[in-house]
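>>> Have a look; sequence and predicted model below, questions after that.
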Amino acid sequence: MLTLALCLAPLAAAPQDPPRLDAAAFDAWRRHLAPVEAEERWREIPWRQSLGEGLRDAGRAQRPLLLWLMNGHPLGCT
Amino acid sequence: MIELAARFVPAADEVWRLQRDDDPECRWFRQVVRGAPDPSRGTMQGTYMLTASGALLGRLNSTNPEHVLRAMETALGRWEALDEGARAAAAPAAAAPRHRWEDSYPEAGLVLERFARDVGVSPDQAPSHPVNSDAVWFSADELRRLLPERLAVGAARDVEEALVARLARFAFVDNVRGQTLPFAATAVEVARLRAEVATVEGDLVRLQLTGTTRAATDGTEPGEDYWQPKRAWPRSVQTQLHGSATWNVARARFDAFDVVALGSRTGRTTFNGRSRELSTLPFGIGFLLRLAPAGYRVAPTYVNLYGAPWVKMPGR
């Protein structure tokens, strides 16, 4: 029983009352939810947003294409 | 990585369509990397290096940056070994897509980025990681239906439920840690958004936005997506909305749009990383909607389910 209680403790501690939102707290929440600098570093690479766009620009630039594919668009929701 | 990537043209794309669909672009891609155009049963996620004309220089599926760097260097060596004609060849016509969801990009509409993050009770706490993004699109006609009919201080509009339901079904979903399912239309219990004119200064009309949403499902609704879960996962998301937007009358567009949606979630889906939680308890979740950067055209995950006449479906 003690083992079960210890296993569940971190889970049981996490749920909580919903956070409060009003005009006074809006700006603070907006900043809190926006990506921080480290979460936006991927934007430093000039990713083309599709295979076709990449092929077109690779042909024009005469450079090889580096193509990153994921379930869900890597530049959107993955 | 950034330096080495500069020797390529970097591009990113969604793999499910490329590995599965019958579009010429998808068939061409599978022919190039698998040697056959047939749909792939296994995942084709990963990093590929190829010429514009379709010669495969390398591929791997790894999250180890050292492995990716080595593969990129090897591919560059193969590129240098090609003759000039092979390096100069353009993409073939066979690689052109017949349909992409980006074809429905609403040029004169409202294009939003949506961020989702787990939250505690106070914004003063350090943000939890990760954050996940998505997009939300409204057409030019739809964005005008977000505005009060009179753009005078105090004028207001209760936005029609169908437009707010787009947020509740597709944007306010728990994909903080990974892909999830949308809510079916029947799962939306509350979808309210009120837009009220707060100030008018010349051509700039500032709107105050407030609302609530709630969507809940026992997970059994059919047809939520082409991706059908193997189990019914009960889940819910409820939010309180607050925000502001600045409508530019002269330019007929929003110059600013920021909405925070805060609330709680319960439950899970197959791949959204919540399998270790107690499914019946509520957890805090927050969403931010803001204008997408110019040129950001990645389609919303569930644009295929918008049911809007301006969304071009395959074969139409």
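Alright, I've got the coordinates.
>>> List the residues that contact residue 61.
In the absence of a named chain, chain A is used. residue B:9 (CB atoms under 8 Å, 6 or more residues apart in numbering or on different chains). Every C-beta, even on glycine, is put in place using the N, C-alpha and C of the backbone.
>>> Correction: the question concerned chain B.
B:43, B:45-47.
>>> Out of these, give me the one that has the most neighbours.
Highest neighbour count within the contacts of residue B:61: residue B:47, with 21 neighbours (other CB atoms under 10 Å in any protein chain shown).
>>> Report the beta-bridge partner residues of that residue.
residue A:68, residue B:60 (DSSP bridges).
>>> I figured it was touching residue B:56, is that so?
No - contact criterion CB atoms under 8 Å: residue B:47 and residue B:56 do not qualify, at 12.0 Å.
>>> so what's whichever residue of chain A sits closest to chain B closest to, chain neighbours aside?
Taking CB to the nearest CB, chain B has its nearest neighbour within chain A at residue A:54, 2.6 Å off. Distances taken as CB to CB, 6 or more residues apart in numbering or on different chains place residue B:11 nearest to residue A:54, at 2.6 Å, with adjacent residues excluded.
>>> got the contact list for the helix or strand where the one you found lies?
Following DSSP states H and E, one finds residue B:11 within strand B:9-14. Here strand B:9-14 makes contact (CB under 8 Å, 6+ apart) with A:45-51, A:53-55, A:57-58, A:61, A:63-76.
>>> can you tell me which of those are in strands?
In this view, the contacts of strand B:9-14 that belong to strands under DSSP state E are A:65-70.
>>> quick revisit: so for the strand holding residue B:11, what's the average pLDDT?
In this model, strand B:9-14 has an average pLDDT of 98.
>>> tilt between it and strand A:65-70?
For strand B:9-14 against strand A:65-70, the angle by axes from the mean of the first three to the mean of the last three CA atoms, to 10 degrees is 20 degrees.
>>> what comes up buried for strand B:9-14?
B:9-14 (16 or more other CB atoms under 10 Å in any protein chain shown).
>>> Dump that strand to PDB, keeping only the CA atoms.
The C-alpha trace of strand B:9-14 is given here as PDB (Å, rounded to 0.1, in the frame of the first residue of the first chain):
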ATOM      1  CA  VAL B   9      18.300  24.200 -49.200                       C
ATOM      2  CA  PRO B  10      16.400  23.200 -46.000                       C
ATOM      3  CA  ALA B  11      12.800  22.200 -46.200                       C
ATOM      4  CA  ALA B  12      10.200  20.500 -43.900                       C
ATOM      5  CA  ASP B  13       7.000  18.700 -44.600                       C
ATOM      6  CA  GLU B  14       4.300  16.500 -43.100                       C
END
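>>> Thank you, goodbye.
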